[in-house]
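> kindly return the folded structure for what I paste below:
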Amino acid sequence: MLMNVMSFAAAAVIVVLLPGPDTLVVVRGMVRGGTRGGVLTALGVLCGLTVWVAAAAFGLAALLRASEVGYEALKIAGACYLVWLGVQSLRSLRRTTAERAGPPTGPDTTGLGLLRPGFLSGFLTDILNPKVGVFFVSFLPGFVPAGYPVGWTTLALGGLFIVLTACYCAGLVVASGTIASWMQTPRIRRRLDTLTGLVLVGFGVRLATES
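Next comes the predicted model:
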């Protein structure tokens, strides 16, 4: 069992460190809302992962994979959402230089608690991506030792994956705290908005066109 867990942890670290929509949406949250925005977005990502891990453990994600119509519908919805996030970042470039040169705005506090936009961005980015669910269904069971209950062991391994993702997101947020003022300068924020916007649109198009 210990060897399986260690092998899984090593593989999971590699997967977590690979750049993807989750990383980009957390960076976007930090650019738009500072450290608080990054934390809320990361919490949304972790909650989305938790839903998918639970679905994989109890067989729901496997049902989604078996349903071509449901998989395609969720994939298109997720792709549209990523493109929408990218367009929102690009639209922010239309603000005037004078508006950018003013005092940096604080974190977005519209909404209540976890219903704020940063959290929803992270949560929906994960929950609307069926590839995340299919990944867990395909990835986690391969590390379940013979003789162990598949459901509960999958859930435990998924929990470890979430912990590793949380550590990674925490690292991103801590790093943002040291460069927060730099990220909020008008010139740098324009460049970050442009980069995150274009890459999010690219992720959305790729998700929609991949089989």
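> what about stretch 73-89, distance to the chain center?
13 Å (C-alpha atoms, centre = their mean, to the nearest Å).
> contacting residues for Leu120?
By C-beta atoms under 8 Å, 6 or more residues apart in numbering, Leu120 lies in contact with Gly44. Any C-beta I mention is one placed from the backbone N, CA and C, and that applies to glycine too.
> mean confidence score for the helix or strand that contains it?
Using DSSP states H and E, Leu120 sits in helix 117-127. Averaged over helix 117-127, pLDDT sits at 87.
> what of stretch 172-186?
On average, stretch 172-186 scores 68.
> same question, stretch 45-64
Stretch 45-64 shows a mean pLDDT of 85.
> ok, and for that stretch, which residues are buried?
45-57, 61-62, 64 (16 or more other C-beta atoms under 10 Å).
> quick check: of the residues you listed, which lies closest to Gly159?
Distance to Gly159, by C-beta to C-beta, is smallest for Val53 among these, at 7.0 Å.
> next, the closest residue to that closest one other than its chain neighbours: secondary structure please.
Leaving aside its sequence neighbours, Val53 sits nearest to Gly158 (C-beta to C-beta, 6 or more residues apart in numbering; 3.1 Å). On the three-state scheme (DSSP: H, G, I helix; E, B strand; the rest coil), Gly158 is labelled helix.
> next one: Pro145
coil.
> now Tyr148
Here Tyr148 is recorded as coil under three-state DSSP.
> give me the neighbour count for it.
Residues near Tyr148, counting by other C-beta atoms under 10 Å, number 13.
> quick one: it from Phe139, how far?
Using C-beta to C-beta, to the nearest Å, Tyr148 is found at 16 Å from Phe139.
> look through this structure and tell me its longest helix.
The residue-count maximum for a helix in the chain (DSSP state H) belongs to helix 21-57.
> what's the closest of the buried residues of stretch 45-64 to Gly122?
Checking the buried residues of stretch 45-64 against Gly122 with C-beta to C-beta, the nearest one is Val45 at 3.9 Å.
> that'll do, ta.
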